[in-house]
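Asker: Attaching a predicted model along with its sequence, questions to come.
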Amino acid sequence: MSVSYYSPAPAPAPGERTQVREIHRAIDLVREQRKKARLSMNRRRVKPRSAAQVIVDDMWTHPYRDYYRHVIYIYFIRRGEYVKIGRSDAGVGRMADLQQASPEPLELMGTFTGIPCDEQMLHYAFAEHRIRGEWFTHVPLMDEVLKLLQPKP
């Protein structure tokens with residue numbers, strides 16, 4: 001029997017249908033096993049990130065990071081249970097001004113260099129702990145973020 005290009009393929013014999021079904025089941029089984037293997041590999045590769053690491057990653061992947069030429073100092077200053085997250089062009093020179101205006105001693109928790117949007121992103125990240133302006137209630141997450149952001153010696 002000759003089969004032309006436009007004629008339909010001949011129908012399989014009754015025994016061949018069960019073979020085709022078995023082949024499709026085997027293919028589906030292999031696909032499912034590969035899918036499970038890929039998922040388990042992905043679970044092993046991806047390390048869970050801490051909340052502090054998420055904040056820092058968001059800062060470093062900011063879309064405008066490459067366009068900023070103006071580098072500033074971002075500081076964390078602690079006064080009792082409150083922390084001020086601010087920025088300065090003069091580094092820790094701002095600390096003396098703040099200390100003069102404060103009745104209590106201030107403690108410099110740490111500084112790091114960044115761009116203006118880094119301070120804004122930190123304010124946004126700790127918005128639920130904001131007291132007023134740039135003052136926030138101290139939470140342990142601030143210490144973790146600062147530890148990740150400070151330059152390594």
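Answerer: Perfect, I can see it now.
Asker: Sticking with the residue most central in space within the chain, tell me its helix or strand.
Answerer: Central residue of the chain (C-alpha atoms, centre = their mean): V54, 3.3 Å from the mean position. If you go by DSSP states H and E, V54 is part of helix 51-60.
Asker: Export stretch 80-92 to CSV, keeping only CA atoms.
Answerer: Extracted in CSV, the C-alpha atoms of stretch 80-92 (Å, rounded to 0.1, in the frame of the first residue of the first chain):
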residue,chain,number,x,y,z
GLY,A,80,19.1,54.8,74.1
GLU,A,81,16.5,52.7,72.4
TYR,A,82,16.3,54.9,69.3
VAL,A,83,18.5,54.9,66.2
LYS,A,84,19.0,57.7,63.7
ILE,A,85,19.6,56.6,60.1
GLY,A,86,21.1,59.6,58.3
ARG,A,87,23.6,60.7,55.7
SER,A,88,26.4,63.2,55.6
ASP,A,89,28.9,64.5,53.1
ALA,A,90,31.5,65.0,55.9
GLY,A,91,31.6,61.5,57.3
VAL,A,92,31.5,61.4,61.1
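Asker: mind checking how far that stretch is from the chain centre?
Answerer: Here stretch 80-92 is found 24 Å from its chain centre; the criterion is C-alpha atoms, centre = their mean, to the nearest Å.
Asker: just stretch 110-129 next, same as before
Answerer: Stretch 110-129 sits 15 Å away from the centroid of its parent chain (C-alpha atoms, centre = their mean).
Asker: same check, this time on stretch 146-153
Answerer: The answer for stretch 146-153 is 17 Å, by C-alpha atoms, centre = their mean.
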